[in-house]
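Novice: Sequence first, then the predicted structure, then my questions.
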Number of protein chains: 2
Amino acid sequence: MAPGPAFSPLYQQIKVLLVRSLQAGEWKPGEAIPSEMELAARFKVSQGTVRKAIDEMATENLLVRRQGKGTFVATHAEDHIQYRFLRLMPDDGSPSGMARQFLDCKRMRAPAEVARAPGLKSGESVVWVRRTLYRNGTPVVLDDIWLPAAPFKGLTAERLSQYAGPMYGLFETEFGVRMIRAEEKIRAVAADATSSALLAVTPGAPLLSVERLSYTYGDRPVELRRGLYTTVSHYYRNELS
Amino acid sequence: MAPGPAFSPLYQQIKVLLVRSLQAGEWKPGEAIPSEMELAARFKVSQGTVRKAIDEMATENLLVRRQGKGTFVATHAEDHIQYRFLRLMPDDGSPSGMARQFLDCKRMRAPAEVARAPGLKSGESVVWVRRTLYRNGTPVVLDDIWLPAAPFKGLTAERLSQYAGPMYGLFETEFGVRMIRAEEKIRAVAADATSSALLAVTPGAPLLSVERLSYTYGDRPVELRRGLYTTVSHYYRNELS
DNA sequence: TAGTGGTCTAGACCACATC
DNA sequence: ATGTGGTCTAGACCACTAA
C-alpha cells in the first residue's frame, strides 16, 4: 500500500478508509461488508491487516462479526437489544420492554442552554421532542430531545409513534443518521412542576438527570437529550474497569 | 500445548494461566511480566498466541503494555490517574485532586442491607469505613465502605490517613487485594439527617447515590461501597458505545 | 461443498527504551 | 548493540453457515 498522507500503521489507515465507506453509505446498517479476503485484495494488504482493522471496529461497535456468515454494519434497528444506550434497569432483574408516549414534537430556535452543546449553533433551528417511558403503567423516564432540524426534516410525533422499536433505529432507517457513541453527564436533581406532574412524583422529589450528547461518524454530535429518571424501583447500571 | 481440561482456543487457555499467576502473586502490581518470547517458550506456543492473550488482558486493564520496556501488571498505586474508578467530574474541566477525611473505621457484624450483596455472608465480621472527599474546601462525596474483616485485618483510620494516594493503592500494597472491575447502581436520593450534615446540604436535597460492588481476580466481590455525591458543581461522567 | 470468520504458526522488519 | 513490544505478511487449518 502506498504510504498514505498520515504516518500511522497500515491497519489504522485501512480503518479510516472503512469508516469513510460506512459514512458514505457504501454499506448500510445491517448489511454485510465484503469478506476479509476481498477487502485485503481491494486495499492491497494482507488479510491479517484487514482483520486487525475490523477487530478494532468491532470492539467499537461499528461492525458486528458473525462466524461463517460475514461482517455486518452495526445497527440500532435490528438489534435485539432494545435501547442499546439506555442503562436504566428495574430493581427486579427482568429488563422487560417499556411503553412509549410522545408528548410533543415541534420545530424551534435552539435555546441557549441547548446551543451551548457542541454541534448546535446558537439560535439554529432544531426539532424538540418530549416523550415518556412507562413500565407497568407507571412513568419512569421523561426525555427532552433536541435534534438539528436540517437532517431531521419531516420528523413528527406521528411518525415517532408509528415506528416500532428504538428511536435510534428510526433515525437510522428514515434519516440516515447513525448514533455511534455518546457521553452522559449524570446528576441528582429535584423534580420541578412539569417533571413532577409528568412522572407522577411529588415536586422536589429526587430525580436522576441524564444529559446525553450522541455522536455520529467523525465524532460529530447530532443529538442532545436530557432524561429525567425516577429511581425508586429502577437504577442506572454502570460497569467500571 | 496439551489440550487443557476446557475446550477453548489456545490463547484463552494461556490467558487463564496468566490470570492464575497474577492471582498467585507471581508478578506483583507494577512489576513487569516475562517477555512475550519467554512466555511463548514457557507455554510452548507461538509468540502470536501469547500476544493475543496479553492483548485481551490489556484491554481488560489487567496488564499495561509499554513499547520497548515490557508488559506490566496494572496497579492502582502508581497510576498517575488518581481515583481510577471515580467518575465524578467538576463542572469546570479541571479534574484536580480532592482532599480526604476519614470519619470512622470500625469492626462490626455485617448489617442485613450489606450482607445481601454477594461475597459477604450475613452477620459476617466486616470493616466499615466512612470518609468524605472535599474539593476546594467543600464536601462533595460521602463514602460508606464495607470490607470483609479477614483480608483487611489491621485496617485503621490511622493507616488510611497516613497513606498518600488512592485507597485501592493501599489495599494493593498493604493487603494484597487488587480491584479489577466494579459494578455500580446509581440512583437519585434525598439527603437524610446525617448525610445532609456531612455534605453541608439541606435535608431532602437531591444526592447521587452510587452503590459500587468491586471485584478481584476470579470475579470475587470484596468491597461494597455506597457513595453520596453532591452534583451541584460536579457530575458523574459516563461513556456509551 | 464452498465461503465466511476464527485460530495458530513462523518469520521479517519497525519503533522505542536502555545500556 | 540489544531487548522489548508493534506491525505486517503468508499460509495452514478449524468452526460455523448456507445452499
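Specialist: That came in fine, so what should we check first?

Novice: contacting residues for the spatially most central residue of chain A?
Specialist: By C-alpha atoms, centre = their mean, chain A has its centre lying nearest to residue A:179, at 3.8 Å. Contacts for residue A:179 (C-beta atoms under 8 Å, 6 or more residues apart in numbering or on different chains) come out as A:76, A:85, A:168, A:171, A:214, A:215, A:216, A:222, A:223. The way it works is simple: take the backbone N, C-alpha and C, and place the C-beta from them, glycine included.

Novice: out of those, who's nearest chain B?
Specialist: When these are compared for distance to chain B (C-beta to the nearest C-beta), residue A:85 comes out closest, at 5.0 Å.

Novice: Wait, that closest one touches residue A:168, no?
Specialist: Yes - here residue A:85 reaches residue A:168: they are 7.2 Å apart, a contact under C-beta atoms under 8 Å.

Novice: So which of those two has more stuff around it?
Specialist: residue A:168 (21 against 18; other C-beta atoms under 10 Å in any protein chain shown).

Novice: How many residues are close by the residue nearest to that one when sequence neighbours are not counted?
Specialist: Excluding the flanking residues, the one nearest residue A:168 by C-beta to C-beta, 6 or more residues apart in numbering or on different chains is residue A:76, at 3.8 Å. Using other C-beta under 10 Å, residue A:76 has 23 other residues around it.

Novice: go on, residue A:224?
Specialist: Residues near residue A:224, counting by other C-beta under 10 Å: 24.

Novice: any idea which helix or strand of chain A has the worst average confidence?
Specialist: Across the helices and strands of chain A, mean pLDDT, DSSP states H and E gives its lowest value to helix A:112-115, namely a mean of 82.

Novice: Helix or strand for the residue nearest to the centre of chain A, just tell me which one.
Specialist: Assigned by DSSP states H and E, residue A:179 belongs to no helix or strand.

Novice: Show the model's pLDDT score for it.
Specialist: Note on residue A:179: pLDDT of 96.

Novice: what's the answer for residue A:235, then?
Specialist: 98.

Novice: Output the contacting helices and strands for the helix or strand harbouring it.
Specialist: Assigned by DSSP H and E, residue A:235 belongs to strand A:234-240. Applying 3 or more C-beta pairs under 8 Å, 6 or more residues apart in numbering or on different chains; DSSP states H and E, one finds that strand A:234-240 contacts strand A:88-90, strand B:181-190.

Novice: can you give me the angle that strand makes with strand B:181-190?
Specialist: 150 degrees (axes from the mean of the first three to the mean of the last three C-alpha atoms, to 10 degrees).

Novice: Among the helices and strands packed on strand A:234-240, single out whichever gets nearest to DNA strand D.
Specialist: When the helices and strands packed on strand A:234-240 are compared by C-beta to the nearest atom of the strand, strand B:181-190 sits nearest DNA strand D, at 21.6 Å.

Novice: How far does that closest one sit from its chain's centre?
Specialist: 15 Å (C-alpha atoms, centre = their mean, to the nearest Å).

Novice: swap in stretch A:66-85?
Specialist: That offset, for stretch A:66-85, works out to 13 Å (C-alpha atoms, centre = their mean).

Novice: Sweet, I'm off.
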